[in-house]
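>>> Okay, predicted coordinates and the sequence, questions at the end:
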Amino acid sequence: MLLYHPYGLVGIVIYLAIADGLSVTNPLFFRGSSSGFQRRSSKSFNARWTHRKVTQQDISSSSSDASTSDASASDASFDWESQWYPVAPISQLDEDAPQACTILNKKLVVWKSGNDQDGNALWSAFEDTCPHRKTSLSTGKITKDCHLTCRMHGWQFDKDGKNHHVPMMDRNRTAADDRALGVSTVYPTQTKGDMLWAFLNPSINPPPDLRDGSFIPDEEVDEHFWIHSFAMASISYESTMENSFDPSHAPFVHEKTGFRPALAIPMEHFQVTDDIKDAESGFTLEHSPYQKSSNKKKKEDTSLTIRQFIPPCTQVTDSSYGKVRLQFVPSAKRKTGVYFTFGIKKPKNPLLRGVLSLLWQSDFLHFMLELSEGRRQFNDQDRIIMQDQDDRKMLDGHPWNDMRPTTSDVGVATYQKWMTKYGGGGPFANLPPSPNEGAVSIWEFHGQYCARCKRILKGLVTLEKRSTKASRALLALGIVAAATRKKMQHILGSNYINAWPVLLIGSLLSRWCASWAAKMQDKMMLTHLSKRQNKNVYAYTR
């Protein structure tokens, strides 16, 4: 699945490989727990799998229910709007500028609207439309007193959506003006588990609590360094969520990126441990390994992996190597925000903790990991496959739950069962099909949503400009110094220093810096479409 693989987190993999002998052929199994990186024994699970072949009977209940028509769905259908959805990790929000996001085809603007008593940022979410001339509020700015200002005419709004100031208004304001000229929709927000959440049905007041398991517990937030990775995948919500319950695709789809079909093994145990009870409860599965280790000297891992679905968009994978929390936020018909959350327990050694803290807070390290070629290749492999699936289901008329189930499809069949019974075919089931977007740049699927990457891009632009100017200035000085060296040597005698080689070398180094800064910007902004659309060349060769 998108963002699962260690190639997207190169530094973490190196650390884990050293600390725990981790094979990179195990993509999902990391944990930041009270025991740090120690690998858990399979005894810590409630059950162990035995060497028994899974039969078709094991998946018959899931697959048969999933293949029933939508007409048989329960009356207690799932309300997609009346839910909490992740907006962004706190670390990737910009406190100085509003940020746009789209959830369930609703355009939102998120911005810092103040601070609480402890100095922590408070965030507000509005409909991303100015009530005056329908301009996007996300193109505006935030004033020093934490009011959101529209870029077009300078209208200002407070944290509750009331109009605070209209520069061109030539009469005394009243409380009625504040309300009448305010934004039309204000969405409830909360910060939970190092993530900002928004509730998409403001008519429900107060909104319900977040479901347990969908967020990082409060007691763990400060005990760990947290990786929050995000990508806006040009893939449907249904395909991304289904794929997260289909681990057996990895050895085949992700060949050449740490996986090999020759290492694939049958999943001899895959069953539902906590079945679907209602629209809100989701379900829990457990399964045995799907790929053996490439290290023949290493003892095979026989412990179970547990996968939990927490509606509307959370999937938690808990294995012998740890816990990964993934969220698939339905943005549009063929756009899904994919959040990856993984924690590393802070070491007790204060020096090591300080060093890791600096690395964790490094915007530059985050930026370079986002640009890593291995991660892009891994994500493209998933993108190509799932965009093809969406084409066939949306454009070619294949039913979305038409599947010939095997013993490794219990997870997909169970999810389809929930979707058929409660989900109504998905949050965009009634919308017309949309075209395949194909390959997109890193800026389009990540950078534009990430304040950390934007800060680095701003610095790269500055570095390119200043390095270019410095290169030209040093070159000019070097030419002058070389042309006048004999005259200056005659005047200064033994005090003369031959500076022109140093100036020319400095010019070359400055030019290299400018070129490198431009190249990094291009890697973020350009699609390299001709290369990345070639399925055989890009996705499966290294």
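Happy to help now that I have it. Numbers count the residues shown, from 1 in each chain.
>>> what mean pLDDT does stretch 191-209 have?
The predicted model gives stretch 191-209 an average pLDDT of 94.
>>> same question but for stretch 252-267, I mixed them up
Averaging pLDDT along stretch 252-267 yields 88.
>>> how about the CA coordinates for it, as PDB?
The C-alpha trace of stretch 252-267 is given here as PDB (Å, rounded to 0.1, in the frame of the first residue of the first chain):
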ATOM      1  CA  PHE A 252       4.000  -9.200  -6.900                       C
ATOM      2  CA  VAL A 253       3.100  -5.500  -7.200                       C
ATOM      3  CA  HIS A 254       6.200  -4.300  -5.500                       C
ATOM      4  CA  GLU A 255       8.800  -6.500  -7.200                       C
ATOM      5  CA  LYS A 256      12.200  -5.000  -7.300                       C
ATOM      6  CA  THR A 257      11.600  -2.800  -4.200                       C
ATOM      7  CA  GLY A 258      12.500  -5.300  -1.500                       C
ATOM      8  CA  PHE A 259       9.900  -7.900  -2.600                       C
ATOM      9  CA  ARG A 260      10.100 -10.900  -4.800                       C
ATOM     10  CA  PRO A 261       7.400 -13.200  -6.100                       C
ATOM     11  CA  ALA A 262       9.700 -16.200  -5.400                       C
ATOM     12  CA  LEU A 263       9.500 -15.400  -1.700                       C
ATOM     13  CA  ALA A 264       5.700 -15.300  -1.600                       C
ATOM     14  CA  ILE A 265       4.000 -18.000   0.600                       C
ATOM     15  CA  PRO A 266       0.400 -19.000   1.000                       C
ATOM     16  CA  MET A 267      -1.500 -17.300   3.800                       C
END
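>>> Okay, buried residues for it please.
Judged by neighbour count (16 or more other CB atoms under 10 Å), stretch 252-267 contains these buried residues: 253-254, 257-260, 263-264, 267. Every residue, glycine included, has its C-beta placed from N, CA and C.
>>> Pick out the most distant pair among those.
257 and 267 (20.6 Å; CB to CB).
>>> Below-threshold pLDDT in this structure: ranges please.
Applying pLDDT under 70 to the chain picks out residues 1-75, 170, 493-496, 528-542.
>>> Taking the centroid of it, which residue is nearest it?
Centroid check for the chain by CA atoms, centre = their mean gives residue 230 as the closest residue, at 1.2 Å.
>>> That one contacts residue 338, doesn't it?
Yes: between residue 230 and residue 338 there is a contact under CB atoms under 8 Å: 6.9 Å.
>>> so which helix or strand takes in residue 489?
Assigned by DSSP states H and E, residue 489 belongs to helix 485-492.
>>> tell me which strands and helices that helix is in contact with?
With contacts defined as 3 or more CB pairs under 8 Å, 6 or more residues apart in numbering; DSSP states H and E, there are no secondary structure elements packing on helix 485-492.
>>> mind listing what's buried in that helix?
So helix 485-492, judged by 16+ other CB under 10 Å, has buried residues residue 488.
>>> chain center to the helix or strand just after that helix: distance?
Following helix 485-492 in sequence order, the next helix or strand is helix 500-525 (DSSP H and E). The chain centroid and the centroid of helix 500-525 are separated by 31 Å, computed with CA atoms, centre = their mean, to the nearest Å.
>>> tilt between helix 500-525 and helix 485-492?
Put simply, helix 500-525 runs at 130 degrees to helix 485-492, going by axes from the mean of the first three to the mean of the last three CA atoms, to 10 degrees.
>>> Can you give me the end-to-end span of stretch 131-147?
Stretch 131-147 has an end-to-end distance of 15 Å (criterion: CA to CA, to the nearest Å).
>>> Mind listing residues that contact that stretch?
Residues from elsewhere that reach stretch 131-147, judged by CB atoms under 8 Å, 6 or more residues apart in numbering: 95-100, 107, 109, 111-114, 126, 128-130, 148-153, 155-159, 163-165, 181-184.
>>> When you filter the residues you listed down to buried only, what's left?
Buried members of the contacts of stretch 131-147, scored by 16+ other CB under 10 Å, are 98-99, 109, 111-113, 126, 128-130, 148-150, 155-159, 163-165, 181-183.
>>> I'd like to know which elements the longest helix anywhere in the chain is packed against.
Assignment by DSSP state H gives helix 451-483 as the longest helix of the chain. With contacts taken as 3+ CB pairs under 8 Å, 6+ apart, helix 451-483 sits against helix 363-370, helix 500-525.
>>> Turn these into JSON lines, columns for distance to residue 423.
Shown next, in JSON lines, are those (distance: least, CB to CB, whole Å):
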{"stretch": "helix 363-370", "distance to residue 423": "32"}
{"stretch": "helix 500-525", "distance to residue 423": "36"}
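>>> Go through those and pick out the most buried.
Comparing these by mean neighbour count (mean count of other CB atoms under 10 Å), helix 363-370 ranks first with a mean of 18.
>>> Would you mind writing the CA trace of it as PDB?
In PDB, the C-alpha atoms belonging to helix 363-370 read as follows (Å, rounded to 0.1, in the frame of the first residue of the first chain):
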ATOM      1  CA  ASP A 363      12.600  20.000   7.600                       C
ATOM      2  CA  PHE A 364      15.500  19.300   5.300                       C
ATOM      3  CA  LEU A 365      15.600  15.600   6.200                       C
ATOM      4  CA  HIS A 366      11.800  15.300   5.800                       C
ATOM      5  CA  PHE A 367      12.100  17.000   2.400                       C
ATOM      6  CA  MET A 368      14.800  14.700   1.100                       C
ATOM      7  CA  LEU A 369      12.900  11.600   2.200                       C
ATOM      8  CA  GLU A 370       9.900  12.800   0.300                       C
END
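>>> which element follows it toward the C-terminus?
Going down the chain from helix 363-370, the next helix or strand is helix 373-390, by DSSP H and E.
>>> quick one, that following helix and helix 363-370 angle?
50 degrees.
>>> ok, and for helix 373-390, which residues are buried?
Applying 16+ other CB under 10 Å to helix 373-390 flags 374-387, 389-390 as buried.
>>> related to what we said a few turns ago, so which of the helices and strands packed on helix 451-483 gets nearest residue 279?
When the helices and strands packed on helix 451-483 are compared (using CB to CB), the closest one is helix 363-370, at 36.0 Å.
>>> got the angle between that closest one and helix 451-483?
Using the same axes, to 10 degrees, helix 363-370 lies at 100 degrees relative to helix 451-483.
>>> which other helices and strands contact helix 363-370?
Under the contact definition 3+ CB pairs under 8 Å, 6+ apart, helix 363-370 sits against helix 10-20, helix 451-483.
>>> Would you mind giving the ones you listed as JSON lines with mean neighbour count and distance to residue 527 added?
Formatted as JSON lines, those follow (neighbours: other CB atoms under 10 Å; distance: least, CB to CB, whole Å):
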{"stretch": "helix 10-20", "mean neighbour count": "15", "distance to residue 527": "22"}
{"stretch": "helix 451-483", "mean neighbour count": "16", "distance to residue 527": "16"}
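>>> I'd like those laid out as TSV, including distance to residue 211.
Putting the helices and strands packed on helix 363-370 into TSV (distance: least, CB to CB, whole Å) gives the following:
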stretch	distance to residue 211
helix 10-20	28
helix 451-483	27
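>>> Touching, residue 265 and residue 293? I think so.
No: counting by CB under 8 Å, residue 265 stays clear of residue 293, with 10.3 Å between them.
>>> which residues touch stretch 486-499?
The contact list for stretch 486-499, computed with CB under 8 Å, 6+ apart, reads 478, 481, 485.
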